[in-house]
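Student: sequence plus predicted model, see below.
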Amino acid sequence: MTITAFPLAWPAGWRRIESQYRKSAKFGKGERRYSADYKSSWTRKRELTIADGVERVRAELRSLGVPDGESIISTNLELRLDGLPRSNQPAPADPGVAVYWQIPTEPMRCMATDRYDRVADNLAAIAATLEAMRAIERHGGAEILDRAFTGFAALPPPGGTSARGWREVLGVDATERDIEKVKERYRRLSAVHHPDRGGSSDMMAEINWAWSQAQESLT
């Protein structure tokens with residue numbers, strides 16, 4: 001499977017947010033400031049940088065046992081020589097972020113968001129979500145955490161395909177053009193075939209791929 005760090009490799013089946021509905025985030029980083037005589041100090045919150053967001057994501061993944069070399073942070077930002085998003089460049093029109101990672105013996109996982117209007121804030125949002133999920137494990141919910149992460153596994157790679165067309169996979173008539181009716185069909189199949197409900201991961205991946213193709217074809 002080929003997943004690119006640049007340009008953004010958005011996972012199939014994950015819904016995109018239209019630009020007009022994206023929000024400004026309140027993520028930030030505290031900076032210690034000192035008076036001229038260094039006798040007093042205070043903390044000032046500043047905007048997150050790309051480097052801040054990347055480090056937050058990598059720190060959370062390391063806490064999950066994911067080595068830096070086993071994760072990919074995918075954005076529309078050009079890369080540094082080490083393969084990570086480079087700061088100090090124009091903000092891309094699409095601020096989405098997708099993070100892929102893998103722990104040995106476990107399936108590839110993925111988490112993506114484009115809720116916020118800055119790449120750095122979308123990175124921070126993913127880091128915050130990973131931190132919250134780790135808290136489940138700290139409170140004795142290891143099995144719950146494992147089941148939660150099932151929803152982030154077994155997605156087909158960007159550009160993934162199926163031996164069947166999307167209409168066949170979703171059971172949609174060849175003349176159907178109503179995206180809302182197709183979405184309803186997708187939701188019904190997902191409810192039946194999601195691994196959390198005893199379904200097949202392979203079938204769920206095919207359904208996600210089909211819904212992604214339907215969106216491209218009908219919108």
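Tutor: That came through fine. These numbers were taken from a predicted model, which means no experiment stands behind them. Residues are numbered from 1 along each chain as shown.
Student: quick one: buried residues of the lengthiest helix in the chain?
Tutor: Secondary structure of the chain per DSSP state H: the longest helix is helix 119-138. Residues of helix 119-138 classed as buried: 119-127, 130, 133, 136-137 (neighbour count, 16 or more other C-beta atoms under 10 Å). Heads up, the C-betas are built off the backbone N, CA and C, glycines and all.
Student: then stretch 68-78?
Tutor: Buried residues in stretch 68-78 (16+ other C-beta under 10 Å): 71-77.
Student: return the member of the residues you listed nearest to Ala12.
Tutor: Nearest to Ala12 out of the buried residues of stretch 68-78 is Ser74 (C-beta to C-beta; 13.3 Å).
Student: tell me the contacts of the closest one?
Tutor: 3-10, 97-100 (C-beta atoms under 8 Å, 6 or more residues apart in numbering).
Student: highest neighbour count among the residues you listed?
Tutor: Val97 (30 neighbours; other C-beta atoms under 10 Å).
Student: now that residue: closest residue in space, sequence neighbours ignored.
Tutor: Asn122 (4.2 Å; C-beta to C-beta, 6 or more residues apart in numbering).
Student: ok so, going back, between the buried residues of helix 119-138, which is closest to Arg58?
Tutor: Looking across those and measuring by C-beta to C-beta, the closest to Arg58 is Ala127, at 8.6 Å.
Student: quick one: the helices in this protein, in order.
Tutor: Under DSSP H, the chain gives helices at 50-63, 119-138, 142-150, 166-170, 179-193, 201-218.
Student: need these in a markdown table with mean pLDDT, can you?
Tutor: Shown next, in a markdown table, are the helices of the chain (pLDDT from 0 to 100):
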| stretch | mean pLDDT |
| --- | --- |
| helix 50-63 | 94 |
| helix 119-138 | 87 |
| helix 142-150 | 56 |
| helix 166-170 | 88 |
| helix 179-193 | 87 |
| helix 201-218 | 80 |
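Student: among these, which is nearest Gln20?
Tutor: That would be helix 119-138 among the helices of the chain, by C-beta to C-beta, at 16.5 Å.
Student: report the angle between the closest one and helix 50-63.
Tutor: 20 degrees (axes from the mean of the first three to the mean of the last three C-alpha atoms, to 10 degrees).
Student: list the helices and strands helix 119-138 packs on?
Tutor: In terms of contacts (3 or more C-beta pairs under 8 Å, 6 or more residues apart in numbering; DSSP states H and E), helix 119-138 is packed against helix 50-63, strand 97-101, strand 109-113, helix 142-150.
Student: other residues contacting it?
Tutor: 24-25, 27, 47-50, 52-54, 56-57, 59-61, 63-64, 73, 75-77, 85, 91-92, 95-97, 99, 111-116, 144-145, 148-149.
Student: fine by me, thanks again.
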